[in-house]
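> Task: produce atomic coordinates for the following.
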Amino acid sequence: SEARRIDETRRDFLANVSHELKTPVGAISLLAEAVAGAHDDPKAVKRFAKRMGREANRLSLLVREIVELSRLQVQDILGDSSPVDLFDVAEEAVELSRFAAESKEIEIDFVGSPGCRVLGDRDLLVTAVRNLVDNAIAYSPRRTRVTVRTQVVDSLVEVAVTDQGQGIAPENQQRIFERFYRVDPARSRATGGTGLGLSIVKHICANHGGGVSVSSELGAGSTFTMELPVAPVEITSDPHAPEATNWQL
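The predicted structure is shown next:
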């Protein structure tokens, strides 16, 4: 029954959360003991303290994303929506990801036209696009390119994020949107990934009446595409909208 399925999903989620929280909490505990044992070695204390900081940041991010995902599963986004231009959303998301890109010497190409409007929550949509851009940066080699494109296709607004990373095997392409699923757990830990980012994107898109998909080939990069319904014309009509924009970071 539906009630049983929901109950099983809740139990699985709680089990996954418990498992994921144990890793950084356990690491912080062990590092605290290491600091106490190395109190007479300033270099060791500094090294352990730095690692404790990383684990604390990872724990903070994990808790924040768990709370965000839980909220998305019960919140009616479209019940209190307003017109949002996904061009502006993508532009803000790219700007927020700029530091991460520059630290890896990754170039971000942003291509789109203002006026790609949907109905929804602007902050959540920025979160969704930023998650895709951050993901692309995290899993791309240094000195490569990430492309972010917004466009209207028929009755849908698309935001596509393309990277030049290693790609995703076909058998993993659907599972990557599951909570806590990681194609490469070791690499996810190295990049600071929580395994929740793509699940959050999926729920944000679903709450806006759309979806997210991936197209990827091993060795040839990946493209993640959000598709959301175009807002009604009478709400979004703007005869003075500027022409397409193409710029780089």
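
> On the pLDDT front, check residue 116 for me.
For residue 116, the model assigns a pLDDT of 91.

> ugh, wrong one, residue 194
At residue 194, pLDDT is 61.

> element containing the most centrally placed residue in the chain?
In the chain, the centroid-proximal residue (C-alpha atoms, centre = their mean) is residue 131; its distance is 2.1 Å. Assigned by DSSP states H and E, residue 131 belongs to helix 122-138.

> Give the partner strands of whatever helix or strand comes next after that helix in its sheet and their orientations.
Per DSSP H and E, the first helix or strand lying C-terminal to helix 122-138 is strand 145-153. Counting by DSSP bridges, the strands paired with strand 145-153 are strand 107-112 (parallel), strand 156-162 (antiparallel).

> What angle do helix 122-138 and the last one make with each other?
It refers to strand 156-162. Interaxial angle, strand 156-162 versus helix 122-138 (axes from the mean of the first three to the mean of the last three C-alpha atoms, to 10 degrees): 30 degrees.

> now strand 156-162, how far from the centre of its chain.
Here the centre of strand 156-162 is set off from its chain's centre by 14 Å, with C-alpha atoms, centre = their mean, to the nearest Å.

> Count the residues that sit near the residue lying closest to residue 218 once chain neighbours are set aside.
Excluding the flanking residues, the one nearest residue 218 by C-beta to C-beta, 6 or more residues apart in numbering is residue 167, at 4.2 Å. Backbone N, C-alpha and C define where each C-beta goes, glycine included. Residue 167 has 18 neighbours, counted by other C-beta atoms under 10 Å.

> how would you label residue 167: helix, strand or coil?
Following DSSP: H, G, I helix; E, B strand; the rest coil, the label given to residue 167 is coil.

> how far away is it from residue 225?
15 Å (C-beta to C-beta, to the nearest Å).

> tell me the strands in the protein, going along the chain?
For the chain, applying DSSP state E gives strands covering 82-85, 107-112, 117-120, 145-153, 156-162, 211-216, 222-229, 245-248.

> These into TSV, with extra columns for distance to residue 57 and mean neighbour count?
TSV is the format used below for the strands of the chain (distance: least, C-beta to C-beta, whole Å; neighbours: other C-beta atoms under 10 Å):
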stretch	distance to residue 57	mean neighbour count
strand 82-85	30	18
strand 107-112	23	19
strand 117-120	29	24
strand 145-153	23	19
strand 156-162	24	23
strand 211-216	26	17
strand 222-229	25	21
strand 245-248	29	11
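
> Show the pLDDT at the residue lying farthest from the centre of the chain.
Computed with C-alpha atoms, centre = their mean, the residue of the chain farthest from its C-alpha average is residue 40, at 41.8 Å. Here, the pLDDT recorded for residue 40 equals 87.

> need the contact list for it.
If you count contacts by C-beta atoms under 8 Å, 6 or more residues apart in numbering, residue 40 has none.

> For it, grab phi and psi.
Backbone torsions of residue 40, given as degrees, to the nearest 10, read phi -100, psi 10.
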